[in-house]
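Colleague: Pasting the sequence and the predicted coordinates here, then a few questions.
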Amino acid sequence: MSENKKCVSILSGGLDSAVVTYWAKNQGYQIYPLTFKYGQIAVKETLAAQKIAETIGTNTKIIDLTTLKDIFNQTTALVNRDIPLTSEFTTPIIVPFRNAIFLSIAVAYATTINANKIFYGAHGSDETFYPDCRRKFYETFTKAARLGTDQNITIYAPYNGKKKSDLIKAGIKLKVPLELTWSCYLDGEKHCGQCESCTNRKKSFYETGITDPTQYEL
């Protein structure tokens with residue numbers, strides 16, 4: 001495997017990152033997944049990431065950043081059960097600068113394995129709400145990564161500008177085990193079906209006309 005066909009994939013365990021990881025596999029990359037614990041309530045994300053990595057014949061490297069919960073706890077519902085979750089986008093579901101934190105570690109990891117590509121699951125449906133999902137952000141971050149490492153690293157979101165429903169369609173073509181992915185912000189036996197992430201997942205499957213394999217509480 002040539003050096004330029006290695007990549008680091010940010011694999012959260014969610015649908016978007018799973019599709020991107022399978023996209024990288026389809027492109028012929030040797031994949032080095034990274035998964036992060038940042039104190040999130042949805043600990044099932046990590047379990048899902050492990051299962052997804054196994055389906056492509058590898059393991060994900062889990063990075064423990066749970067102390068970040070102390071930083072995010074005052075404003076972020078994803079780490080604090082006392083902050084109400086809603087079925088539509090609200091600012092408490094933002095984890096500030098999360099992608100930048102993850103990508104910084106991915107850059108460090110890439111340099112140790114001689115990979116020059118880093119992929120993550122940012123897409124068009126998120127761009128309005130999340131600044132660190134925008135093309136301008138990751139292209140600028142790429143410049144910083146190159147300046148900080150003296151290496152030709154590229155950070156890229158393959159589905160930039162696409163809707164989540166487009167990722168689902170791509171996932172079907174790529175044979176992604178979408179039923180293994182975890183989107184819910186909670187950690188129940190099933191997806192709650194009511195949080196913003198669950199309702200977004202439901203809506204996106206509906207838009208595609210593809211049967212949603214997800215089990216929901218409601």
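Modeller: Perfect, thanks for sending it.

Colleague: thinking residue 77 is in contact with residue 91, fair?
Modeller: No. With contact defined as C-beta atoms under 8 Å, residue 77 does not reach residue 91; the gap is 9.4 Å. Quick note: C-beta positions are derived from backbone N, CA and C, even for glycine.

Colleague: Which one's more surrounded, these two?
Modeller: Set side by side, residue 77 and residue 91 show unequal neighbour counts under other C-beta atoms under 10 Å, the larger going to residue 77 at 22 against 10.

Colleague: How is the more buried one assigned, secondary-structure-wise?
Modeller: The three-state label given to residue 77 by DSSP: H, G, I helix; E, B strand; the rest coil is coil.

Colleague: Show me where this structure has its helices.
Modeller: Counting by DSSP state H, residue ranges of the helices within the chain are 15-26, 44-55, 69-72, 98-113, 124-127, 135-149, 164-173, 196-208.

Colleague: out of the ones you listed, nearest to residue 184?
Modeller: The closest approach between residue 184 and any of the helices of the chain, judged by C-beta to C-beta, belongs to helix 196-208 at 5.3 Å.

Colleague: pLDDT weak spots in the chain?
Modeller: With pLDDT under 70 as the threshold, the chain has low-confidence stretches at 1-4.

Colleague: The residue lying closest to residue 53 once chain neighbours are set aside: neighbouring residues, count only.
Modeller: Counting by C-beta to C-beta, 6 or more residues apart in numbering, residue 53 lies nearest to residue 60, which is 4.1 Å off, once chain neighbours are set aside. Counted with other C-beta under 10 Å, the neighbours of residue 60 add up to 24.

Colleague: what does residue 43 give?
Modeller: Counted with other C-beta under 10 Å, the burial measure for residue 43 works out to 14 neighbours.

Colleague: what does residue 187 give?
Modeller: Going by other C-beta under 10 Å, the residues that sit close to residue 187 add up to 14.

Colleague: With residue 131 instead?
Modeller: Counted with other C-beta under 10 Å, residues neighbouring residue 131 total 15.

Colleague: need the contact list for it.
Modeller: If a contact means C-beta atoms under 8 Å, 6 or more residues apart in numbering, then residue 131 has residue 137 as its contacts.

Colleague: So in the chain, which strand runs the longest?
Modeller: Selection of the longest strand in the chain by residue count, based on DSSP state E, yields strand 30-37.
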